[in-house]
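Participant: Sharing a sequence plus its predicted fold:
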Amino acid sequence: MRQAVPFGWSDSLATGIPEIDRQHIELVDMFRTLAALEHGGDRAAVRAALEELIAHVCKHFDDEEQLMRRHHYAELPSHAQAHDLLLRQIHSFVSLLDAAPDGDAGVDIIDFVGKWLVVHMQQDDHRLGAFLKAEAKPCEVA
Ligand SMILES: [Fe+2]
Ligand SMILES: [Fe+2]
């Protein structure tokens, strides 16, 4: 069976917005836990960690979208669409995992989510962070 490669937090992922970065660090930690469990082969633990990660991802996306709405961020529609697409993709992987728990769906989820998180944080979330920092008033935190 293929093994997923976990990634870790690095400054290249930072948006410079403390609350977003705090949640991103949490997501990266949860992702690493999920990858380690997948590596260990404990199906029930993988499934539970996946549910927990999905719940945190949903909450994080909601928070980011509220922030974008509050600041009238022009890229909100495409950014929110990217969030929706990820969640749909995760749910379709979860269906595959449930249908064939011993297959490669767990590794596929980790590969896909890991790469998606890095690219999304470095591009979409980074642009959001730059926008929020540019329009912040002195003493204002996003
Ligand atoms: Fe994010
Ligand atoms: Fe985002």
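Facilitator: Perfect, I can see it now. Numbers count the residues shown, from 1 in each chain. Ligands and ions are numbered 1, 2, ... in the order given.
Participant: The helix-or-strand element of the chain with minimal mean pLDDT: which residues count as buried?
Facilitator: Lowest by mean pLDDT, DSSP states H and E among the helices and strands of the chain is helix 105-120, with a mean of 89. The neighbour-count check on helix 105-120 (16 or more other CB atoms under 10 Å) flags 105-107, 109-111, 113-114, 117-118, 120 as buried. All C-beta atoms are positioned from the backbone trio N, CA, C, and that covers glycine.
Participant: What is it packed up against?
Facilitator: If you count contacts as 3 or more CB pairs under 8 Å, 6 or more residues apart in numbering; DSSP states H and E, helix 105-120 packs onto helix 18-40, helix 43-70, helix 76-99.
Participant: hmm, that helix touching ligand 2?
Facilitator: No: on the criterion CB under 5 Å from the ion, helix 105-120 is out of touch with ligand 2, staying 5.6 Å away.
Participant: on that earlier part again, quick one, which of the helices and strands packed on helix 105-120 is packed in tightest?
Facilitator: Sort these by mean neighbour count, taking mean count of other CB atoms under 10 Å, and helix 18-40 sits at the top with a mean of 17.
Participant: Could you check how far the nearest residue to L50 once chain neighbours are set aside is from ligand 2?
Facilitator: Nearest non-adjacent residue to L50, counting by CB to CB, 6 or more residues apart in numbering: L34, 6.2 Å away. L34 is 19 Å from ligand 2, where distance means CB to the ion, to the nearest Å.
Participant: still on that earlier bit, in TSV: the helices and strands packed on helix 105-120, plus mean pLDDT and distance to A136.
Facilitator: Output for the helices and strands packed on helix 105-120, formatted as TSV (pLDDT from 0 to 100; distance: least, CB to CB, whole Å):
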stretch	mean pLDDT	distance to A136
helix 18-40	93	12
helix 43-70	95	12
helix 76-99	94	17
